[in-house]
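> could you look at this predicted model? Sequence included:
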Amino acid sequence: MIAAFHEVYRRYGKHSALKGLNLSVPEGSAFALVGANGAGKTTAIKILLNLIAPTGGHANVLGIDSRALSPREFARIGYVSENQSLPERLTVGEYLNYLRPFYPTWDRDRESQLLRQLRLPLDRKIGALSHGMHMKMLLLCALPFRPALLVLDEPFSGLDPLVRDELLEGLIEEAGSMTVLISSHDLAEIEGFITHLAFVDSGRVLFQEDIDDLSARHREVRVTLDREPSSSVALPDTWLDVRRSGSVLSFIDTQFTEAGLPHRIAALFSGIRDISIEPVSLRRTFTTLARATQTRASSP
């Protein structure tokens, strides 16, 4: 694992931002921390980068405790945040000249490629860049030294779709050559990019999973019966978002198997006219699991 959290707590006075966070980021993955604003994602990232210290527990990154990170390790970590500031009086070119000596692995050819791809003017002052151009500049600063770990904290917040897609294209080109840890409150922004997903809520990870595994075991099912299904039938706990409309029962099967589902339906209902099984979008899968997990977590 290139990064991991072990029972990490972080308190601000009486408020607990993290409550025993446990998380493992596999090397080479594009790992998403997804959750509402205020869920604890940014606090977790700051602890991982030793920008703040945990109140309890510990985080590891690049094989060492995050509190022991040195310039040697930071030279292997890229960081992009929506709230990140840059020296506004310098031009794009001047700031790149300033950065290069800090990174022994800085690739000038990759820098030139990114400048063309992101269409950043070298002579423009950073303070004169738009929000979208500013985010492009941050990505330009984080990629040329080919980091082992790229950390992105809400990198697409407030961007128009074109700029977001341009930034994603820059990241996709790097896929496989580094690990990406990205936080977002909007899964739609990153759905086609990520390989792993963790849902953070109120300072805890409620579930985490490989995207392929998550997609493989979820299906949207629609069962048409001869008559309206009885509401007294005890449905499996793995059927979520259950809806009834006349003689039609629909749900998300979270433990789908090709052979097993028809048998489970037949054991519960008679007069089955049709069974329709469709793949589920990642966004629908996530929202279904998130609602169910939050309900269980809030139950006494």
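Sure thing, it's come through. Residues are numbered from 1 along each chain as shown.

> what bridges to residue 182?
Beta-bridge partners for residue 182, by DSSP bridges, are residue 32, residue 152.

> which residues touch the one residue sitting closest to the centre of the chain?
When Cα atoms, centre = their mean is applied to the chain, the residue found nearest the centroid is residue 32 (1.6 Å). Residues near residue 32 by Cβ atoms under 8 Å, 6 or more residues apart in numbering: 182-184, 187, 190, 194, 196-198. For glycine as for every other residue, the C-beta is placed from the backbone atoms N, C-alpha and C.

> could you dump these into JSON lines with neighbour count and pLDDT added?
Shown next, in JSON lines, are these (neighbours: other Cβ atoms under 10 Å; pLDDT from 0 to 100):
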{"residue": "182", "neighbour count": "24", "pLDDT": "93"}
{"residue": "183", "neighbour count": "25", "pLDDT": "91"}
{"residue": "184", "neighbour count": "21", "pLDDT": "83"}
{"residue": "187", "neighbour count": "20", "pLDDT": "77"}
{"residue": "190", "neighbour count": "23", "pLDDT": "78"}
{"residue": "194", "neighbour count": "19", "pLDDT": "88"}
{"residue": "196", "neighbour count": "21", "pLDDT": "93"}
{"residue": "197", "neighbour count": "23", "pLDDT": "91"}
{"residue": "198", "neighbour count": "24", "pLDDT": "92"}
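
> kindly reformat these as TSV containing distance to residue 149.
Output for the contacts of residue 32, formatted as TSV (distance: Cβ to Cβ, whole Å):
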residue	distance to residue 149
182	11
183	14
184	17
187	22
190	17
194	15
196	14
197	18
198	16
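
> now these in a markdown table, with secondary structure?
Shown next, in a markdown table, are these (DSSP: H, G, I helix; E, B strand; the rest coil):
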| residue | secondary structure |
| --- | --- |
| 182 | strand |
| 183 | strand |
| 184 | strand |
| 187 | helix |
| 190 | coil |
| 194 | coil |
| 196 | strand |
| 197 | strand |
| 198 | strand |
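
> can you tell me which of these is nearest residue 4?
Closest approach between these and residue 4, by Cβ to Cβ: residue 198, at 11.7 Å.

> who does that closest one bridge with?
On the basis of DSSP bridges, residue 198 is bridged to residue 33, residue 208.

> report the contact partners of it.
Residues counted as contacts of residue 198 (Cβ under 8 Å, 6+ apart) are 23, 31-34, 205, 207-208.

> which of those residues sit farthest apart?
Farthest-apart pair in the contacts of residue 198 is 31 and 207; separation 13.5 Å (Cβ to Cβ).

> between these two, which one's more packed in?
Set side by side, residue 31 and residue 207 show more neighbours around residue 31, with 23 against 15, by other Cβ atoms under 10 Å.

> does that one touch residue 183 like I think?
No - using Cβ atoms under 8 Å, residue 31 is not in contact with residue 183; the gap is 9.8 Å.

> so who does residue 174 touch?
Counting by Cβ under 8 Å, 6+ apart, residue 174 touches 143, 146, 150, 180.

> let's see 6 Å
Contact analysis of residue 174 by Cβ atoms under 6 Å, 6 or more residues apart in numbering lists nothing.

> and it, how far from residue 186?
Look at residue 174 and residue 186: by Cβ to Cβ, to the nearest Å, they are 21 Å apart.

> same question, residue 111
According to Cβ to Cβ, residue 111 stands 30 Å off from residue 186.

> tell me the one of the contacts of residue 32 nearest residue 41?
residue 183 (3.9 Å).

> what about the closest one, distance to residue 37?
The gap separating residue 183 from residue 37 is 10 Å, by Cβ to Cβ.

> repeat that for residue 179.
24 Å.

> which of the contacts of residue 198 has the weakest pLDDT?
Lowest-confidence member of those: residue 207, scoring 85 (pLDDT).

> residues in contact with it?
Counting by Cβ under 6 Å, 6+ apart, residue 207 touches residue 199.
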